[in-house]
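> I need the structure of the sequence given here:
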Amino acid sequence: MPRSLLATVAAVLSAAPAPAQNPEPFVAALRADGMVAPTVIDGPVTGDLFVTYRV
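Sure, this is the predicted structure:
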């Protein structure tokens, strides 16, 4: 007997991992030839941090 949509959604959601407690922003520049300067930042992206990344 096929499962109902609600049961399927409940099964998928119960199998999903819990979200991370401290998300880490990923910043990168995208150019026509690909992604350059990828950086993972521990904490929020502030204006000063972004200016420092840009330079």
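
> got the residue ranges for the strands in the chain?
Assigned strands in the chain, in chain order: 26-31, 34-40 (criterion: DSSP state E).

> Contacts for the first one next, please.
It refers to strand 26-31. Applying C-beta atoms under 8 Å, 6 or more residues apart in numbering, the set of residues contacting strand 26-31 from outside is 35-41, 45, 50, 53. Where C-beta positions appear, they are placed from N, C-alpha and C, glycine not excepted.

> Quickly run through the sheet partners of it, with directions.
In the sheet, strand 26-31 lines up against strand 34-40 (antiparallel) (DSSP bridges).

> Check the offset of the partner strand from the chain's centre.
The gap between where strand 34-40 is centred and where its chain is centred comes out at 14 Å by C-alpha atoms, centre = their mean, to the nearest Å.

> Repeat that for stretch 22-32.
Offset of stretch 22-32 from its chain centre (C-alpha atoms, centre = their mean): 9 Å.

> Straight-line length of that stretch, end to end?
32 Å (C-alpha to C-alpha, to the nearest Å).

> Thanks again, I'm all set now.
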